[in-house]
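1. Structure of the sequence below:
(4 chains)
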Number of protein chains: 2
Amino acid sequence: MASLFLSTFVNKVDRKGRVSVPAPFRLTLAGQSFNGIIAYRSFKLPALEAGGIDRMEEMSDRIDQLPEFSEDRDALSSILADAETLAFDGEGRIVLPETLCQHAGITETAAFVGRGRTFQVWEPQRFQAHQQEMRERARRQGTTLPARSAGPAAEAPR
Amino acid sequence: MASLFLSTFVNKVDRKGRVSVPAPFRLTLAGQSFNGIIAYRSFKLPALEAGGIDRMEEMSDRIDQLPEFSEDRDALSSILADAETLAFDGEGRIVLPETLCQHAGITETAAFVGRGRTFQVWEPQRFQAHQQEMRERARRQGTTLPARSAGPAAEAPR
DNA sequence: CCATAAAATCCCATGCTATCCCATCTTATC
DNA sequence: GATAAGATGGGATAGCATGGGATTTTATGG
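-> Presented below is the predicted three-dimensional model:
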């Protein structure tokens, strides 16, 4: 199956702070050791970074390999401190904690944004603006992927 | 061998937004981990870029290699956020979501345009106009293909 | 240590929509 | 002109997002 988080889904946040994680995302997460997601506040964006527990374990390992008292290590470790483990209820929903909602400006609805091996959670309006900006940039700069074998890129030139 | 998407096929879009993916294209996609296609809005053209899931996984992996918080990464990830996973039904059809149809101006019919490792989906009229323009340009400028030795098959010349 | 309130979790009910399934029609092939 | 593969249409169905109430857990004060 598609092991990637793709596409964008907007779901409602109910009075209790619950949101359905999109079914396709839950499918991508299926079989992991923790039945839910991990989310933390993005450093540079008004959004949440999220993924499965395996991804977080991998990140922890990477941090562990940094020099014991380096700045990078401290900075990245703060992610671990910030990260919330959000378990699914019987219907595949999670509860978004206040702190996370505030950081992302989420109130009524939440946009789940696929990013391949991870995903983000946005306030839908903000995401749309951001997305548009990114598309502009990509179009203008003709940003390219790091070369690998034969890679006809995403976009053919005109 | 049918590993390439070749030729152009025009199919009807029914009331529910369904279109048959041309049988030859389905054959090219056969055996992939996801039974369907991935499609996203072209940056530069009023058309959809499409391909199989393997292609998207490869793209995701390459993006994953970019610095964690870089601008380029954000820009390219917007493709992943935009990409829709469109599964085949029992008859080999997909449903084209509204957003994609709007971007490409698709209403009644859709043209599936082979591009080798990927394909595009166009509103037929628009494609014809575009195609003509491209051919004109090629004739005027005497466009040539890069020599075989030069790099992997690549990008079409401008 | 117990009692009570608050909050988080579980459980069931509902409406909508995407998907499945079958039936029909068209086109290419022999 | 007969047959098979592909394209198209539409009704039925199951899955999903959502909402509300019931129950358990946690916090707080006596």
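2. Summarise which helices and strands the helix or strand hosting A:Glu133 is packed against.
-> Taking DSSP states H and E as the definition, A:Glu133 sits inside helix A:124-141. Packed against helix A:124-141, as judged by 3 or more C-beta pairs under 8 Å, 6 or more residues apart in numbering or on different chains; DSSP states H and E, are the following elements: strand A:109-114, helix B:71-82. For the C-beta atoms, the positions are set from N, CA and C on the backbone; glycine is no exception.
3. Hey, what's the angle from that helix to strand A:109-114? Just curious.
-> Per axes from the mean of the first three to the mean of the last three C-alpha atoms, to 10 degrees, the angle that helix A:124-141 makes with strand A:109-114 is 40 degrees.
4. does A:Arg73 really touch A:Leu66, like I thought?
-> Yes - using C-beta atoms under 8 Å, A:Arg73 and A:Leu66 qualify as a contacting pair, with a distance of 4.1 Å.
5. Quick one: find the helix or strand in chain A with the lowest mean pLDDT.
-> Within chain A, no helix or strand scores below helix A:71-82, which has a mean of 88 by mean pLDDT, DSSP states H and E.
6. what comes up buried for that helix?
-> With burial defined by 16 or more other C-beta atoms under 10 Å in any protein chain shown, the residues of helix A:71-82 counted as buried are A:76, A:79.
7. Same check on stretch A:8-24?
-> Applying a neighbour-count criterion of 16+ other C-beta under 10 Å, one finds A:8-11, A:13, A:19-22, A:24 buried in stretch A:8-24.
8. Tell me the one of the residues you listed nearest DNA strand C?
-> A:Pro24 (8.5 Å; C-beta to the nearest atom of the strand).
9. quick one: secondary structure of the closest one?
-> Secondary structure of A:Pro24, reduced to three states by DSSP: H, G, I helix; E, B strand; the rest coil: helix.
10. Show the contacting residues for it.
-> A:2, A:6-7, A:9, B:85 (C-beta atoms under 8 Å, 6 or more residues apart in numbering or on different chains).
11. mind running it again at 10 Å?
-> Listed by C-beta atoms under 10 Å, 6 or more residues apart in numbering or on different chains, the contact set of A:Pro24 reads A:1-2, A:4-7, A:9, A:112, A:114, B:85, B:87.
12. Please tell me how far A:Met134 sits from DNA strand D.
-> Counting by C-beta to the nearest atom of the strand, to the nearest Å, the gap from A:Met134 to DNA strand D is 24 Å.
13. Hmm, that residue is touching B:Glu71, no?
-> Yes - under the contact definition of C-beta atoms under 10 Å, A:Met134 touches B:Glu71, with a separation of 8.9 Å.
14. pLDDT score assigned to A:Ala147?
-> Turning to A:Ala147, the model gives it a pLDDT of 53.
15. meant to ask about A:Leu6
-> Each residue has a pLDDT score; the one for A:Leu6 is 97.
16. Excluding sequence neighbours, find me the nearest residue to it.
-> In space, and not counting its chain neighbours, A:Leu6 is closest to A:Gly114: 4.2 Å by C-beta to C-beta, 6 or more residues apart in numbering or on different chains.
17. buried ones in the helix or strand harbouring A:Asp61?
-> Under the criterion of DSSP H and E, A:Asp61 resides in helix A:53-64. Under the neighbour-count criterion of 16+ other C-beta under 10 Å, helix A:53-64 has A:53, A:55-56, A:59, A:63 buried.
18. Could you list which of those also contact chain B?
-> A:Met59 (C-beta under 10 Å from any C-beta of the partner chain).
19. And the buried residues of helix A:53-64, which is closest to B:Tyr40?
-> Of all the buried residues of helix A:53-64, A:Arg55 has the smallest distance to B:Tyr40: 23.0 Å, by C-beta to C-beta.
20. Give the full set of residues in contact with the closest one.
-> If you count contacts by C-beta under 10 Å, 6+ apart, A:Arg55 has them with A:29, A:32, A:37-38, A:49, A:117-118.
21. Equivalent analysis for A:Leu45, please.
-> Taking C-beta under 10 Å, 6+ apart as the definition, contacts of A:Leu45 comprise A:103-104, A:120, A:122, A:126-127, A:130, B:69, B:74.
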